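Enquirer: Fold the stuff below for me.
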Amino acid sequence: MAAQRADREAERVWTPPSRRRRVLLVAGEASGDLHAADLVTALREHLPDVDVFGLGGERLREAGMRTVADSSEVATVGVTEATGRLRVLLRTYRALARLLREDPPDLCVLVDFPEFNLRLARVAKRAGVPVLYYIGPQVWARRRGRVRKIARRVDRLAVVFPFEPPLYETRLPGVEFVGHPLLDRVRVTRSREETRARYGLDASRRTVVLLPGSRTTEIENLLPPLLEAARRLAREDDCQIALALAHTLTREEVEARLAGAGIRVPVVAGDTYNLVAASDLALVTSGTATLECALLECPMVIVYRLAPISWLIARLLVHGVRCVGMPNIVAGHEIVPELLQREATGERIAAAAQGILRDPARRAAMVEELRGVRRSLGRGGAAGRAAAIALEMLGGRAE
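Expert: Numbers count the residues shown, from 1 in each chain. Below you'll find the model as predicted:
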């Protein structure tokens, strides 16, 4: 019902507010920058002169946002990984909090990045600024008590998974499932054969794509075991390997780590979806990329490593969730293998991959389950529905 109501809101003709509106937007990570840019683009369709400023990256700047701070400077993973950027995080937080207090905008839009954004939401509420949270904190995985905190600090919440609204129903009525924004982003634009030919890959050989993450720390922790697995698959199963480069990384820093790999690994930038669609299997770092692979119906092995202390703290905070990969969480059970921490070795990753590549029936069943994940995520238009909520909060009138 909430998604249907959001659909109707997005389709209405809106009359803009009588004066120019100002929106403080905070997206502290690469995926948030991407989805927030779609929201800003959708909002500008109805409110062309809206002034959007805050924390974001390249995609938000392209959408017309003024960045007070750059998200690439603050994005971190884990507790120990954040230590090196603590000064940047604190400086950014103080600058945004000062803006909220001294020159309050008409609306504060927060996108994912929960540890930072929930603190900023408290400042916004105290300053009398309404708060819209798009892609909310993962309260299903940890800190169920966070629901109370969110309800106190957030006015409206636009969530992207169908199981989220019931988690808030007793405390925050303004929660709407808007669908997942990746449904509008994940598209294949050429055939499997054309993509393989473009990157010098043999059309007749099985192809494994590596998605080692979007942060330097992930590359450091995960690319070595992924390459070891790739060498085993190339040697034992005659697989060819390719690597999809995240837009947050440079080709040079990744290719430098491939120099001694012992196998050919073309690095593909700006064409991840076509490359994944042309592959038989993905070895993928836990995160947004796992959902992208699911939407492309590509079987996968999910891997992840954090610094030991970060992992210990994370496990202490997580309750009632057995999986970390989003396709498994959405499905409610493990449909693709997960290898975490000490289990994320080259030998084990290769063995998990071989268990899929060598068993056509298992691979076909996995593809069918991934199709179910896609169906459960709704349909396209998430950014438009979230923008409609923002416009309503800014005082626009539907006709």
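
Enquirer: Run a quick neighbour tally on Gly213.
Expert: Using other Cβ atoms under 10 Å, Gly213 is surrounded by 26 other residues. Yep, even glycine has a C-beta here, placed from its N, CA and C like the rest.

Enquirer: how far away is the nearest residue to it once chain neighbours are set aside from Ala269?
Expert: Spatially, and ignoring its direct neighbours in sequence, Gly213 is nearest to Thr285 (4.0 Å; Cβ to Cβ, 6 or more residues apart in numbering). Distance of Thr285 to Ala269, given as Cβ to Cβ, to the nearest Å: 17 Å.

Enquirer: The two: which has the busier surroundings?
Expert: Thr285 (26 against 15).

Enquirer: That one against Leu306, yeah?
Expert: No - between Thr285 and Leu306 there is no contact under Cβ atoms under 8 Å: 11.3 Å.

Enquirer: circling back to that earlier point, for the residue nearest to Gly213, which residues are in contact?
Expert: 211-213, 218, 222, 302-304 (Cβ atoms under 8 Å, 6 or more residues apart in numbering).

Enquirer: same question, Ser376
Expert: 162, 330-331.

Enquirer: got the contact list for Ile302?
Expert: Ile302 touches 284-286, 290, 324-325, 327-328, 336-339, counting by Cβ under 8 Å, 6+ apart.

Enquirer: Out of those, name the ones that lie in helices.
Expert: 290, 327-328 (DSSP state H).

Enquirer: Please indicate which of those are buried?
Expert: 290, 327-328 (16 or more other Cβ atoms under 10 Å).

Enquirer: how near is the residue nearest to Gly213 to Ala351?
Expert: In terms of Cβ to Cβ, Thr285 sits 18 Å off from Ala351.

Enquirer: How about Val268?
Expert: 26 Å.

Enquirer: same deal with Pro327?
Expert: 20 Å.

Enquirer: What degree of burial does Glu392 show, as a neighbour count?
Expert: By other Cβ under 10 Å, neighbour count at Glu392 equals 16.

Enquirer: Could I get the contacting residues of Leu60?
Expert: Leu60 neighbours (Cβ under 8 Å, 6+ apart): 25, 27, 33, 36-37, 40, 52, 67, 71.

Enquirer: Break the protein down into its domains, please.
Expert: With automatic domain parsing as the criterion, the domains of the chain are listed as 2-181+381-398, 192-376.

Enquirer: Quick check: closest non-adjacent residue to the residue most central in space within the chain.
Expert: The residue lying closest to the centre of the chain (Cα atoms, centre = their mean) is Thr288, at 3.7 Å. Nearest non-adjacent residue to Thr288, counting by Cβ to Cβ, 6+ apart: Ser31, 4.4 Å away.

Enquirer: Run a quick check on the one you found versus Phe113, I expect a contact.
Expert: No - because the distance of 9.8 Å does not satisfy Cβ under 8 Å, Ser31 is recorded as not touching Phe113.

Enquirer: In terms of neighbours, single out the busier of these two.
Expert: Counted by other Cβ under 10 Å, Ser31 and Phe113 do not tie: Ser31 has more neighbours, with 24 against 21.

Enquirer: how about the more buried one, what does it touch?
Expert: 112, 214, 287-288.

Enquirer: Would you mind checking those for buried ones?
Expert: 112, 214, 287-288.

Enquirer: Now do the buried residues in stretch 180-187.
Expert: Result for stretch 180-187 [16+ other Cβ under 10 Å]: buried residues 180-186.

Enquirer: Keep only those of those that are in helices.
Expert: Per DSSP H, the subset of those in helices is 182-185.

Enquirer: so can I have a markdown table of the residues you listed showing pLDDT and distance to Glu194?
Expert: Shown next, in a markdown table, are these (pLDDT from 0 to 100; distance: Cβ to Cβ, whole Å):
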| residue | pLDDT | distance to Glu194 |
| --- | --- | --- |
| Leu182 | 96 | 23 |
| Leu183 | 97 | 24 |
| Asp184 | 95 | 23 |
| Arg185 | 93 | 21 |
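
Enquirer: from those residues, which single one is nearest Gly395?
Expert: Nearest to Gly395, judged by Cβ to Cβ, of these is Asp184 at 26.5 Å.

Enquirer: My read is that that closest one contacts Ala382, right?
Expert: Yes - with contacts counted by Cβ under 8 Å, Asp184 reaches Ala382, the gap being 6.8 Å.

Enquirer: hey, what's in contact with both of the two?
Expert: Contacts common to Asp184 and Ala382, judged by Cβ under 8 Å, 6+ apart, are Asp38.

Enquirer: and which of the buried ones among the ones in helices among the contacts of Ile302 is nearest Glu369?
Expert: Relative to Glu369, and with distances defined as Cβ to Cβ, the nearest of these is Pro327, at 8.1 Å.

Enquirer: Mind checking which of the contacts of Leu60 are in helices?
Expert: Using DSSP H, these in helices are 33, 36-37, 40.

Enquirer: Which two among those are spaced furthest apart?
Expert: Longest span within the ones in helices among the contacts of Leu60, Cβ to Cβ: Asp33 and Val40, 10.5 Å.

Enquirer: So the two - more neighbours on which side?
Expert: Asp33 (29 against 25).

Enquirer: In space, what's closest to Ala230 - neighbours in sequence excluded?
Expert: Ile241 (4.5 Å).

Enquirer: Surely that neighbour touches Leu233?
Expert: Yes - Ile241 is within contact range of Leu233, at 7.2 Å (criterion: Cβ under 8 Å).

Enquirer: Now the common contact residues for the two.
Expert: Joint contacts of Ile241 and Leu233 (Cβ under 8 Å, 6+ apart) are Val208.

Enquirer: that's a strand at the residue nearest to Ala230, yeah?
Expert: Yes - under DSSP: H, G, I helix; E, B strand; the rest coil, Ile241 falls within a strand.

Enquirer: I'd like to know how far it sits from Arg231.
Expert: From Ile241 to Arg231 the distance is 9 Å (Cβ to Cβ).

Enquirer: what touches both of these two?
Expert: Counting by Cβ under 8 Å, 6+ apart, the residues touching both Ile241 and Arg231 are Ile263.

Enquirer: Many thanks, we can stop here.
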